[in-house]
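Visitor: Turn this into a structure:
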Amino acid sequence: MLLTSCRPEDRTVLPPAGLENLLENAASGSITELERLAEDGGTGAWFALAAAAREAGYPDLAHNLQVRSAQKDEYPYGLISLTSLLAEDPAALRNPLRKLKKAEKLYGPDERLRRARIAVLAAEGKDRALADEMDFWRGESWEAPVLAAVLRREKMNAELRAVAERFILHVEDPGVLFLLPGDSVEALSPEYRHLYIGRTSHSLDDYRAWLTAPAVAEEVCSLESSAPVFAEMADTAREEGREEEWAGLLMEAASKLCGGKRYGASFQAGRLYREMRDWPEASEAFLFAAGALPKGLPRDRAMWYRFKSMYQDNSLSTEEELAAFSRIAGSWDNPGNFNDIIGEFLHRRVRRGEWKELETVYRDWGSTWPAGERSTASRLLAFASREGRLTGGISPGEYLETAFESAPWSWSGLRAAGILNKDISSRLSEDQVSPEDSENDMIVRLYLDWGLNYPAAETVMENPDLYAPGIIRLTAHALEEQDPRLSIRIASQLWGREGFRPSMEDLHLRYPLPSGNGTLASKISREQGLPPEILLGLVRTESAWDSRAVSRSGAEGLAQFMPSTWDEWTRRLRLSEDADPMDPETNLTLAAAYLEWLYLRDWTFGWPDVLVSYNAGGGRLRSWHRERPGLGEDLFGMSIPVEEPRTYVCKVLSAATLYGYLYAGKTPRSLHEEWNLDMISVNLQ
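Guide: As a prediction, the model looks like this:
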């Protein structure tokens, strides 16, 4: 029976503790014990066992169990097994077409059934039946056998040629083009024969012949997104070291094309210009691409790249940047696609001391910004006003109210809550009853019932929007102790959903305190005389409680020590030379000692400076203070010229605030006063 509760303590794991042994025995001998387990396991048991065998590394056994699932499991598990099995191996079952027909009669038309049927028909060489599938043609890569069958059976005419040429242009996987019969390819127009050769052999000469053909420019203008061939051209040009030549060629072609083709050519030209670090040309190419399509994700993507390129162009004046930003802010489709662009914009205004410009742009466009960036801008303007860098207009208290209301769980919102003494619990949602399981949710529940936590996590993370909040929470709970980093990633998927308000459960999932290492971190920080929340927030930010974490730069363990820093501090604390950075107690002890040492330096002025030093080094902190003297800690933090330490402080302090709230019952006000953060005197009436 399927579960109805999302609480992990209510979940019953069906398989015995010895499932791994059963799978091992079955892989080398009889599956009698697995058959008995499947009979007792209920709905979807064979499906779950197939997944368990695959996860355990027994592909042949998994295939065998998947066949059993296709034959014996009820909907939807049997249908999924049947269709995926036949799509991968059309000969896996006896009389597969009969089984597919029976499934369609039971469950109705289904794209999965059609995909499996096409695979079987192609394997059996049944061209007539394949050609009948043309009535439902969509142009997907897996439909290539259908088009190939039609081309073999019918004489090429204008309509069929148009379908084939469109397929050659738009299909995502160029490998399927080899299925098209050679005589049909010869019957294509000359420019599309060149495109076929270009896509199947990565020939720049043939790509060029198609791209510059007058007939291509004269085709009916389509406003759909770019075809993949343009990215293939740019990638091939890069591989052959011909970036400059092809950037110019693509832009020249774009001027003669329209719609999706103009977008594709100019966008890929922009990519090539970026790689050559020709920022002005890249910016112009992306602007040209943005103008080729109406509002939508592709247009937003081009505008995003345009601004990224502009930020790299040191010759750009403030006036030009502000004008460009206003044009983009007035025409983007989804402001959420521009979070980092707005963040960089705010940083540049603070670093340059352009307070009036910041205030003007915020007044004109701030209401359209994503909540987090609107909150950050409000906090910065509050402190700019408090420090006398802005006069008149909105008061610091009003700005802080906006910061809190816009994004109460961001650092800016929590910072405002501390100053205004807000009750952040008022922004929590009440626990809601989960909706009835969808087919997708049922699959994840089955995995979790059988203790298949990683297949459940992988399934959810492939497309989180398909799953109900309760299923996402349940999956995150299942991995809390086993893999806290992955658990946090899964739980975080809910936070980007429109209208989402976290519950207390959501906060605990996103900011967990693992029973072992969390307790250890609190104990060590108190022994060192540090605020425990600071160390908890740092570990949550650095490693997400993964004690075996190793970063791309080589940092190790819970607090992510670089090898040179680790060696220095093991000597300082007189630890053995073979002290293990993966040992939680040793790692946390060194982290606490290092934080205390940084806090006591005469060149750090509070916890924000300590965290900048921890992340980027004390020398860089001192240099940045010399560059921007006189800024308060909030404005100084936004002025830091390197993005990682600029955002790092906000991440650690917001996590620290929530750890204090969740596990010690402290308010943001009490925590921020304890940490001696700058406070603004405002009228709280």
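Visitor: could you show me where the helices are in the stretch 201-350 of the chain, in order?
Guide: 204-211, 214-217, 229-239, 243-254, 259-275, 279-290, 297-312, 318-329, 339-351 (DSSP state H, counting those that start in this stretch).
Visitor: mind listing what's buried in the second one?
Guide: The reference is to helix 214-217. By 16 or more other CB atoms under 10 Å, the buried positions in helix 214-217 come out as 216, 217. All C-beta atoms are positioned from the backbone trio N, CA, C, and that covers glycine.
Visitor: Export only the CA atoms of it, formatted as CSV.
Guide: C-alpha atoms of helix 214-217 as CSV (Å, rounded to 0.1, in the frame of the first residue of the first chain):
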residue,chain,number,x,y,z
PRO,A,214,20.6,33.0,-50.7
ALA,A,215,17.7,30.5,-50.5
VAL,A,216,18.2,30.0,-46.8
ALA,A,217,17.8,33.8,-46.2
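Visitor: Minimum distance to residue 142: which of the helices of the stretch 201-350 of the chain has it?
Guide: Residue 142 lies closest to helix 229-239 among the helices of the stretch 201-350 of the chain, at 19.1 Å (CB to CB).
Visitor: Of all the residues in that closest one, which ones are buried?
Guide: Buried-residue list, helix 229-239, by 16+ other CB under 10 Å: 229, 230, 232, 233, 234, 236, 237.
Visitor: which residues touch it?
Guide: Here helix 229-239 makes contact (CB atoms under 8 Å, 6 or more residues apart in numbering) with 169, 174, 195, 198-199, 202, 204, 207, 210-211, 243, 245-247, 250, 261, 264-265, 267-269, 271-272, 275.
Visitor: For residue 105, grab the count of nearby residues.
Guide: Residue 105 is flanked by 8 other residues according to other CB atoms under 10 Å.
Visitor: Just give the nearest non-adjacent residue to residue 184, would you?
Guide: Counting by CB to CB, 6 or more residues apart in numbering, residue 184 lies nearest to residue 151, which is 4.0 Å off, once chain neighbours are set aside.
Visitor: if I pick the one you found, what's in contact with it?
Guide: Contacts of residue 151 by CB under 8 Å, 6+ apart are 160, 164, 180, 181, 184.
Visitor: And those, which of them are buried?
Guide: Buried by 16+ other CB under 10 Å: 160, 164, 180, 184, out of the contacts of residue 151.
Visitor: if I look at the spatially closest residue to the third one that is not a sequence neighbour, how far off is residue 348?
Guide: Same thing as residue 180. Spatially, and ignoring its direct neighbours in sequence, residue 180 is nearest to residue 148 (5.4 Å; CB to CB, 6+ apart). Going from residue 148 to residue 348 by CB to CB, to the nearest Å gives 54 Å.
Visitor: between those two, which one's more packed in?
Guide: Using other CB under 10 Å as the criterion, residue 148 and residue 348 rank with residue 148 on top: 22 against 19.
Visitor: May I ask you to confirm that that one is in contact with residue 179?
Guide: Yes. In this structure residue 148 lies within contact range of residue 179 using CB atoms under 8 Å: 4.6 Å.
Visitor: coming back round to it: pick the one among the buried ones among the contacts of residue 151 closest to residue 256.
Guide: residue 164 (23.7 Å).
Visitor: which SSE is the closest one in?
Guide: helix 158-170 (DSSP states H and E).
Visitor: next one: residue 621
Guide: Residue 621 is part of helix 618-627, with elements assigned from DSSP H and E.
Visitor: Tell me which residues are up against the next helix or strand after that helix.
Guide: Where DSSP H and E defines the elements, the next helix or strand beyond helix 618-627 is helix 633-639. Identification of contacts with helix 633-639 by CB under 8 Å, 6+ apart yields 346-347, 350-351, 376, 379-380, 383-384, 387, 389, 415, 605-606, 608-609, 612, 624-625, 628, 631, 646, 649-650, 677-678.
Visitor: Distance from the chain centre to helix 633-639, please.
Guide: In terms of CA atoms, centre = their mean, to the nearest Å, the centre of helix 633-639 is set 28 Å apart from its chain centre.
Visitor: Next SSE downstream of it?
Guide: helix 643-664.
Visitor: can you tell me the average pLDDT over the helix or strand following that following helix?
Guide: Downstream of helix 643-664, the first helix or strand assigned by DSSP H and E is helix 668-674. When pLDDT is averaged over helix 668-674, the result is 97.
Visitor: Give me the helices and strands touching helix 668-674, please.
Guide: helix 411-420, helix 643-664 (3 or more CB pairs under 8 Å, 6 or more residues apart in numbering; DSSP states H and E).
Visitor: orientation of the longest one relative to helix 339-351 in degrees?
Guide: Between the direction of helix 643-664 and that of helix 339-351, the angle (axes from the mean of the first three to the mean of the last three CA atoms, to 10 degrees) works out to 110 degrees.
Visitor: Cool, thanks, signing off.
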